[in-house]
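Q: Build the 3D model from these lines:
(one chain, ligands or ions: 1)
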Amino acid sequence: MKVCIIGASGKLGKYMVQHALDRGYEVVAVCREQSVGKLDEFKGQITVLPGDTDDRGVIERAVRGCGGVLTVLVPWGMKHYASGTAQAVLDFAEPDARLIFSCGWHITRDGKDVYTTQHRLMVKVFGAVAKLFRLVDLDDQIEATRRIFESDKEWTVVRGSDLEEGESQGLPVWSRHVGDPILESNLTRRIDFALFMVDALTRDDLVQEAPAIVGRQSPSALAHGQGEQRAA
Ligand SMILES: NC(=O)c1ccc[n+]([C@@H]2O[C@H](COP(=O)([O-])OP(=O)(O)OC[C@H]3O[C@@H](n4cnc5c(N)ncnc54)[C@H](OP(=O)(O)O)[C@@H]3O)[C@@H](O)[C@H]2O)c1
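A: Here you go, the predicted structure:
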């Protein structure tokens, strides 16, 4: 399968590139011009298209012929970066391509997620301060996912918990709603977040789902079994 990874030079993106190569996929990577050097370790193994991830011309070329598109949705700046990226992917991806997007637990699909007071406060304060300094626009990431949820494409929105570095613990477990007991530990290895994204490309049970994930070795995952995870 040919897959496009949008936002490939970041931490999550590079892990996704490696997982995709490990599965024998052909990889087309999109990253900002100034970040191309961050992909040097993959030289000769992937095709890199430099450009902002909301550049519609770049995305149109990058996703052509791809059976899967993995997109790192980031709310940087005040120019609708996340929604521009999502819209370009929705508009130009092949009609039957699997579209996998990353975001955090703060995104809710049906409003049934239950957040701790600490989480709500953190998102509110971070969002307000970041917006004040015009660095990050969380509302635009919400708009991006709203458009994805409304799309009839074969999308999956993977909602990551807090992240840590470290060796893989295997495929994270997931549940439909933040607040479900299996997710209580709120911690996933970044390498495994990437693994879940790449694995989702071939998972029919995740089509038009917004799984919230947590590390499979985390205390809450161990205490509550496999949750709604249906992977092998
Ligand atoms: N960090 C967390 O704790 C956390 C928790 C849950 C979910 N997530 C989700 O995980 C995904 C990856 O996030 P991450 O925090 O781990 O970071 P990351 O993988 O390092 O990705 C950051 C991305 O943002 C790009 N970027 C950085 N500065 C930018 C700017 N000024 N303008 C445009 N793009 C810029 C980077 O591109 P360059 O390589 O070009 O700089 C890179 O593609 C996101 O979807 C996030 O919502 C993160």
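
Q: ok, residues contacting the helix or strand where Leu21 lies?
A: Here Leu21 sits within helix 11-22, counting by DSSP states H and E. Contacts of helix 11-22 from elsewhere in the structure, counted by C-beta atoms under 8 Å, 6 or more residues apart in numbering, are 3, 5, 7-8, 27, 29, 31, 38-39, 41-42, 45-46, 70, 72, 102, 190-191, 193-195, 197-198. Every residue, glycine included, has its C-beta placed from N, CA and C.

Q: can you list the residues of this structure near the ligand?
A: Proximity of the chain to the ligand, by C-beta under 6 Å from any ligand atom, involves residues 7, 9-13, 31-32, 35, 38, 72-74, 76-77, 81, 102-104, 160, 162-163, 190.

Q: let's go with 5 Å and repeat that
A: 7, 9-12, 32, 35, 72-74, 76, 102-104, 160, 163 (C-beta under 5 Å from any ligand atom).

Q: Specify the helix with the largest residue count in this structure.
A: helix 117-132 (DSSP state H).

Q: Now that one - C-alpha only, CSV.
A: What follows is helix 117-132 as a C-alpha-only set of coordinates in CSV (Å, rounded to 0.1, in the frame of the first residue of the first chain):
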residue,chain,number,x,y,z
THR,A,117,-11.8,19.1,36.5
GLN,A,118,-8.0,19.2,36.1
HIS,A,119,-8.2,18.3,32.4
ARG,A,120,-10.9,20.9,31.7
LEU,A,121,-8.9,23.6,33.6
MET,A,122,-5.7,22.7,31.8
VAL,A,123,-7.3,22.9,28.3
LYS,A,124,-9.0,26.2,29.2
VAL,A,125,-5.9,27.9,30.6
PHE,A,126,-3.6,26.5,27.9
GLY,A,127,-6.0,27.4,25.1
ALA,A,128,-6.6,30.9,26.4
VAL,A,129,-2.9,31.7,26.9
ALA,A,130,-1.8,30.2,23.6
LYS,A,131,-4.6,32.1,21.8
LEU,A,132,-3.6,35.3,23.5
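
Q: Since that was my last question, I'll sign off now.
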